[in-house]
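Chemist: Pasting a predicted model and its sequence here:
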Amino acid sequence: MEKIHDMPKLESPFIRKEINGHYIVTDEINPGYEWVFTDEKVMAIEKLDGTNVSIYIEDGVIRGIWNRTERLPFFNKGKRHIIEGLLESFERGIMEFLVDGQHFGELIGPKVNGNPYQLKEHRWIPFSTFGQEHLRYKSWGKYPKDYKTISEWFHTDLMPLYSLMITGNKQGFVEGIVFTHPDGRMAKLRRDMFDWYYIDNPGKRQHKEEVEKTFSSDENEIT
């Protein structure tokens, strides 16, 4: 079996700062992330709100399952919902076209992050196949790629592609976008990274990763 990697941490393509008690994006482009706005090959894919799970396939058979860097046995008690999610996705055909190697995906469902998609069962959604095929925003690139336009897009027009697919609800939950480059580079933006999010949702708490992050740090890395 090849060396297993953790899902790389993703940064915002805009510099983030503490403003009015929230760690939000500014209109300054994060150095090294100009590609998000300039390369026409970049895809914008809906970011699902779940827990990261990867699988390793060898000779067409799943040889290992990881929740981040924790390897999970097939038979287990504490995280059996992850195994159930993989089986559910397999039966639904969601895991088709996965070749040998390590594949990252998002596990969503009743026991994950409050189940914002209102699922009755757990599902594992692979990034490289299902995500790019079904959760890609075709509207990305049709408008100016500047801070103001992107902010307005997130605020008023960002469709919940996954919720729309499973329930037909255009008002369903959507967390944000992962920007992917063909060479493997990625970045992400969430709706709660913009200042208007806290105006629209007074009393809404900062995302859990920002609660754990010290605002005094100069780092711009996020998970």
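Modeler: Nice, thanks for sending it over.
Chemist: From the centroid of the protein, which residue is nearest?
Modeler: By C-alpha atoms, centre = their mean, the chain has its centre lying nearest to residue 47, at 3.1 Å.
Chemist: how much space between that one and residue 125?
Modeler: With distances taken as C-beta to C-beta, to the nearest Å, residue 47 is found 11 Å from residue 125. Every residue, glycine included, has its C-beta placed from N, CA and C.
Chemist: repeat for residue 76
Modeler: In terms of C-beta to C-beta, residue 76 sits 21 Å off from residue 125.
Chemist: Of these two, which one has the most company?
Modeler: residue 125 (22 against 11; other C-beta atoms under 10 Å).
Chemist: Tell me the secondary structure at the more buried one.
Modeler: Here residue 125 is recorded as strand under DSSP: H, G, I helix; E, B strand; the rest coil.
Chemist: just the one 5 residues further on next, same as before
Modeler: Taking three-state DSSP as the rule, one finds residue 130 in the helix state.
Chemist: Go ahead and confirm it touches residue 92.
Modeler: No: using C-beta atoms under 8 Å, residue 130 makes no contact with residue 92, being 9.9 Å away.
Chemist: Which one of those two is surrounded by more residues?
Modeler: Between residue 130 and residue 92, counting by other C-beta under 10 Å, residue 130 is the more crowded of the two (23 against 13).
Chemist: How about that one: what's its closest non-neighbour residue?
Modeler: Of all residues not flanking residue 130 in the chain, residue 94 sits nearest, at 5.4 Å (C-beta to C-beta, 6 or more residues apart in numbering).
Chemist: Show me how this structure divides into domains.
Modeler: 14-48+135-212, 51-133 (automatic domain parsing).
Chemist: closest one to residue 7 among the ones you listed?
Modeler: Proximity to residue 7 (C-beta to C-beta) singles out domain 51-133 among these, at 4.7 Å.
Chemist: Report the rounded mean pLDDT for that closest one.
Modeler: On average, the pLDDT along domain 51-133 is 94.
Chemist: Contacts for the longest helix anywhere in the chain, please.
Modeler: Longest helix in the chain by number of residues (criterion: DSSP state H): helix 80-91. Residues outside helix 80-91 that contact it (C-beta atoms under 8 Å, 6 or more residues apart in numbering): 51, 53, 55, 62, 65, 67, 72, 74, 76, 95, 107-112, 121-126.
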